[in-house]
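Colleague: Fold the following and give me the result.
(one chain, ligands or ions: 3)
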Amino acid sequence: MEMTTTQKLSIDIKGEMKKQYQEILTPAALDFLAELHLRFNNRRLSLLEARVKRQKRIDAGEMPDFLPETEHIREGDWTVAPVPANIQDRRVEITGPVDRKMIINALNSGANVFMADFEDACSPKWENIMDGQINLRDAVNETISYTNPKNGKQYQLNDERAVLFVRPRGWHLEEKNLIIDGKPISGAIMDFGLYFFHNAKTLLEKNSAPYFYLPKMESHMEARLWNHIFVFAQHRLGIPQGSIKGTVLIETILAAFEMDEILYELKDHSAGLNCGRWDYIFSYIKKFRNHSDFILPDRSQVTMTVPFMKAYYELLIKTCHKRKAFAMGGMAAQIPVKGDEEAHLAAIQKVAKDKEREAQAGHDGTWVAHPGLVSTAKGVFDQYMPTPNQLQVLRNDVKEDPHALIEPAKGEVTLHGFKNNMDVAIQYIESWLRGHGAVPIYNLMEDAATAEISRAQLWQWIKNEVKLSNGQTATFALYEELLPEVIAHIQDLVGLEKYNTGMYEKATELLTELVKEQVFNEFLTLKAYSFIK
Ligand SMILES: CC(=O)SCCNC(=O)CCNC(=O)[C@H](O)C(C)(C)COP(=O)(O)OP(=O)(O)OC[C@H]1O[C@@H](n2cnc3c(N)ncnc32)[C@H](O)[C@@H]1OP(=O)(O)O
Ligand SMILES: O=CC(=O)O
Ligand SMILES: [Mg+2]
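Modeller: Ligands and ions are numbered 1, 2, ... in the order given. As a prediction, this is how the structure comes out:
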């Protein structure tokens, strides 16, 4: 469908235009998206180019440090604007895809906040993105309901509900089904723009506001772009400035060196920072991929207590609380285990331990991946956090130490770790290609961030010919040698019928290319995107 906006920009909708989608892609909403695209897309593209240049400097040996040119911001005495009453207490936040049933379950879960995710938990098929917008609109309007066609189970909203946050896609992703002026619109601009356009006024009428999580940024200049988009969007729709509140995920190693600056850029629109631990580990591997002295051990050994992770979350808490901003914790990967009580209790205990560490360190709340974990996380935070948040915990004991932030984790690279990365990455990519961005694999939550760790480790270990604990060397030949065994294991696990009707061969082909490529591919989802509609 081709149409023209008031700015005379052509808009080409390449995705299937289902009847309901016309309620979302209205001429006025498309005009709004076109304006956002016109004003901000070139800046987005320049910021992505800046990432490439920065990577070249890191490859050449320039390691990250606090920026001299923004010292006045770090030293300055300023705080972020206060946030509304309904997000003063965010002790438990549940996250999940923008699936209709899961949105209702998450809002009813007893968590304080639900983050509806167009990012790590979302495979950005056109239908997922568009249905997600419909589901969110219906959730905001409190008209959402669902009947499961498989078992007739009915879903509707409870009176007590979590506060809704939305996480748009990162700056790197584009939406190939919506072309404006000959160029794909940014996924971030599209997800933000449609949600804001259709819901901002209603949210304010219902004593809430447009709340966002902002993913995968690498610098404060990228946060400045979000802030400019917020200012423009509020102005354009006649929404009071400062209504939008965004929580920035500090989930890249470079952003950890600009936490003050990111809060400063967004200070009228900030609801704090969050420890996006899985992307953070991925980013550490990615950014230092060409440095043989920064190789991480098996994924299972990179816990929150290894030096560079501890330095990161502690500095995040200190930075946030100095600026009266919330310091949110992150996601433990364990989920409830079905049919094995012992394994289930062990998983719950691991989650509880992780939440205890977060609450005692001074975080103001945490994330859970599953409704079955809300009470565990809540119990821990209720015990250690009798107040709505812990802004008073200043963590002045924590030093701003650039070396601690990048200190490599010690440990082993094992053959099991190598095979497990292959196995998990193939299974995850397969699900993603079928439209599922969050999946349970070996009783852990896997999403785009956790799977990236697996494929990035394989690339890095092979590229650097790492010695495994059993004396073997990580090479592409070893990858090829192990592949039949890994595939046979997956076939055993899922059964031949599912294997043959699934997309396992395409997923394996994609992983093999990603692992073999001389130049590291920035995001597996960028490569895989051409295989979904
Ligand atoms: C690194 C990061 O970015 S973390 C944030 C991004 N990742 C996520 O948000 C992952 C969120 N979690 C999930 O998507 C899911 O929990 C999964 C995919 C890991 C497991 O899902 P399932 O296999 O469906 O779990 P399970 O069968 O135990 O679910 C039981 C019920 O809980 C619901 N449920 C599970 N997780 C969630 C969730 N996060 N939100 C809402 N409902 C959920 C299921 O829909 C199901 O509902 P039903 O009984 O009404 O049918
Ligand atoms: O988005 C969260 C993460 O851990 O990555
Ligand atoms: Mg992430």
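
Colleague: only C-alpha atoms for contact and neighbour calcs from this point on.
Modeller: Noted.

Colleague: Which positions in the chain make contact with ligand 2?
Modeller: Residues of the chain that fall close to ligand 2, judged by CA under 6 Å from any ligand atom: 276, 277, 278, 279, 449.

Colleague: Counting only helices, which of these make the cut?
Modeller: Counted as lying in helices by DSSP state H, out of the residues of the chain next to ligand 2, are 277, 278, 279, 449.

Colleague: how deep is the third one tucked in, by neighbour count?
Modeller: Meaning residue 279. Look at residue 279: counted by other CA atoms under 10 Å, it has 25 neighbours.

Colleague: in terms of contact, does it touch residue 447 like I think?
Modeller: No - if you go by CA atoms under 8 Å, residue 279 and residue 447 don't touch, sitting 10.1 Å apart.

Colleague: Could you measure from the closest residue to ligand 2 within the stretch 101-250 of the chain over to residue 172?
Modeller: Proximity of the stretch 101-250 of the chain to ligand 2 (CA to the nearest ligand atom) peaks at residue 120, 6.3 Å away. Separation of residue 120 from residue 172 (CA to CA, to the nearest Å) stands at 13 Å.

Colleague: Those two - which one has more neighbours?
Modeller: Ranked by neighbour count (other CA under 10 Å), residue 120 and residue 172 place residue 120 first, with 26 against 18.

Colleague: neighbours of the spatially closest residue to the more buried one that is not a sequence neighbour, just the number please.
Modeller: Nearest residue to residue 120, sequence neighbours excluded (CA to CA, 6 or more residues apart in numbering): residue 448, at 4.6 Å. Look at residue 448: counted by other CA under 10 Å, it has 24 neighbours.

Colleague: hang on, the earlier thing: and ligand 1, which of the ones in helices among the residues of the chain next to ligand 2 contact it?
Modeller: Among these, proximity to ligand 1 is found for 278, 449 (CA under 6 Å from any ligand atom).

Colleague: Now restrict the ones in helices among the residues of the chain next to ligand 2 to buried residues only.
Modeller: Buried positions within those, assessed by neighbour count (16 or more other CA atoms under 10 Å), are 277, 278, 279, 449.

Colleague: Give me the distance between the second one and residue 332.
Modeller: Think residue 278. 9 Å.

Colleague: Model confidence at the nearest residue to residue 433 once chain neighbours are set aside, what's the number?
Modeller: Nearest non-adjacent residue to residue 433, counting by CA to CA, 6+ apart: residue 532, 6.1 Å away. At residue 532, the pLDDT value in this model is 98.

Colleague: ok, now which ones touch residue 532?
Modeller: Residues near residue 532 by CA atoms under 8 Å, 6 or more residues apart in numbering: 125, 433, 434, 435.

Colleague: quick one: which of the residues you listed sit in helices?
Modeller: With helices taken from DSSP H, the overlap with the contacts of residue 532 comprises residue 433.

Colleague: need the contacts of residue 532 in CSV with neighbour count, pLDDT and distance to residue 207, can you?
Modeller: Formatted as CSV, these follow (neighbours: other CA atoms under 10 Å; pLDDT from 0 to 100; distance: CA to CA, whole Å):
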residue, neighbour count, pLDDT, distance to residue 207
125, 23, 98, 32
433, 24, 98, 38
434, 14, 98, 38
435, 18, 98, 34
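
Colleague: Ligand 1: which of the contacts of residue 532 is nearest?
Modeller: residue 435 (11.9 Å).
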